[in-house]
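**Student:** Here is a sequence with its predicted model. Questions after.
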Amino acid sequence: AEAEAAEGRDLKSSEVSGYFYRKTRDAMWEDPAGSAALMLRKALLFLNAYEVPLNYNYDFHRLRSGILSAPLPGFGLLAALCAAGAAFAFLSGARAGRLAGFMLVYAASVVAFYVSSRYRMPFVAAAFPFAGMGLAGAAAALKSVDLTRVSAGLGAAVLAAAIAALPAPKAGFAASYRALGSIYSAEGNVRRAEDAYLASLALDASSSAAMNNIGNLKLEARDAAEAETWFRLAVDADPSNAQARNNLGVCLSRRGDVFSAEEQFLEAMRIEPSYGTPYRNLIRMYRKQGMEAEAREIEEALSRAQGR
């Protein structure tokens, strides 16, 4: 939506990617020092023990799972053993260059784009052989009293553990409660779904998505007045929320406020041209009002927006 708004036209996926590539390139050229500092922060975050959430927040699920709440070893321990193993492999001349090369290239590819625990998983899998080398190498070095190897392995492990333990910005649980509410909603557990959405709002009072989701629950419960209130709150919190505008349009249409409903549907279409639901709702409303020409015009607009 941002790229299309900036370019003033509908864009293909490749054109959207090109738009953000140019923005990134220009930002790096304009502030190379700042860009380098940003990449360093992202690299440290990649090596941090904190599991950066994307779809799911590990810390949130630890609060709700007996297994995950146990003191399980995490990335910090793996990083320390992996670093020790890499040091032992280097000193012993072990043929681990390809694995190390993969880990470095893969880490760079994640750091360059978006750091998250999910994207770090292939790196974690590749780290286990080095971690095994770390355990085996430490045992062998201690047994032979090889102070050089012991010092190298211990130094690498301490450095990796220190980097992993650095303070990291942590995501809150608002999005996690919202996702939990969606799960409860899909299961038909309306009360728990609403409780989860309200918990999300307690942590992030400006969450337009949570307000919209509560509105959907009220609409499904046939409480149109309460649903409209929540959809209005969602639109006020984020005027660019196309789903909330569409849903508000549905409420307005049902109570006969055709002109206001039309305004919300059209604005939802403008915000998110590829979002087909407001087109279809507006077509139905026009036909219900006997406005066949207008309905056909929106049908053509929908076909163009979906590339048909």
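**Tutor:** Alright, I've got the coordinates.

**Student:** For the stretch 101-250 of the chain, which segments count as strands?
**Tutor:** Residue ranges of strands cannot be listed for the stretch 101-250 of the chain, since DSSP state E, counting those that start in this stretch assigns none.

**Student:** Which other helices and strands does the lengthiest helix in the chain contact?
**Tutor:** With DSSP state H setting the assignment, residue counts place helix 117-144 as the longest helix in the chain. Here helix 117-144 touches helix 75-92, helix 97-112, helix 147-164, going by 3 or more CB pairs under 8 Å, 6 or more residues apart in numbering; DSSP states H and E. (C-beta placed from N, C-alpha, C; glycine too.)

**Student:** tell me the angle it makes with helix 147-164.
**Tutor:** For helix 117-144 against helix 147-164, the angle between stretch directions is 160 degrees (axes from the mean of the first three to the mean of the last three CA atoms, to 10 degrees).

**Student:** quick one: buried residues of helix 117-144?
**Tutor:** 117, 119-120, 123, 126-127, 130-131, 133-134, 137-138, 141 (16 or more other CB atoms under 10 Å).

**Student:** Now do it: distance to the chain's middle.
**Tutor:** In this view, helix 117-144 has its centroid 29 Å away from the chain centroid, taken as CA atoms, centre = their mean, to the nearest Å.

**Student:** Pick out the residue closest to the middle of this structure.
**Tutor:** Within the chain, the residue whose C-alpha comes closest to the C-alpha centroid is Leu54; the distance, by CA atoms, centre = their mean, is 3.8 Å.

**Student:** Let's verify that residue: helix, strand, or coil?
**Tutor:** Recorded secondary structure, Leu54: coil (DSSP: H, G, I helix; E, B strand; the rest coil).

**Student:** pretty sure it contacts Tyr119?
**Tutor:** Yes - with contact defined as CB atoms under 8 Å, Leu54 counts as touching Tyr119 (7.4 Å).

**Student:** right, and Arg287 touches Ala295 too?
**Tutor:** Yes - counting by CB under 8 Å, a contact exists between Arg287 and Ala295, whose distance comes to 4.9 Å.

**Student:** what about those two, which has more around it?
**Tutor:** Remark: of Arg287 and Ala295, Ala295 carries more neighbours, 17 against 13, as counted by other CB atoms under 10 Å.

**Student:** got the contact list for Leu166?
**Tutor:** For Leu166, the contacting residues are Leu44, Asn48, taking CB atoms under 8 Å, 6 or more residues apart in numbering as the criterion.

**Student:** Could I get the buried residue list for the helix or strand harbouring Ala261?
**Tutor:** Taking DSSP states H and E as the criterion, the element that holds Ala261 is helix 258-271. Residues Val258, Ala261, Glu262, Gln264, Phe265, Leu266, Glu267, Ala268, Met269, Ile271 are the ones in helix 258-271 that count as buried (16+ other CB under 10 Å).

**Student:** okay, these in a markdown table with pLDDT next?
**Tutor:** Putting those into a markdown table (pLDDT from 0 to 100) gives the following:
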| residue | pLDDT |
| --- | --- |
| Val258 | 94 |
| Ala261 | 96 |
| Glu262 | 96 |
| Gln264 | 97 |
| Phe265 | 96 |
| Leu266 | 96 |
| Glu267 | 96 |
| Ala268 | 96 |
| Met269 | 94 |
| Ile271 | 91 |
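
**Student:** any idea which of those is the one closest to Ala6?
**Tutor:** Looking at these and their distance to Ala6, the nearest is Ile271, at 13.8 Å (CB to CB).

**Student:** where's Ala83 relative to Ala242, distance?
**Tutor:** Applying CB to CB, to the nearest Å, the value for Ala83 to Ala242 is 47 Å.

**Student:** now swap in Gly101 and tell me
**Tutor:** When distances are taken as CB to CB, Gly101 and Ala242 turn out to be 45 Å apart.

**Student:** again, but for Asn213
**Tutor:** Distance, Asn213 to Ala242, using CB to CB: 15 Å.
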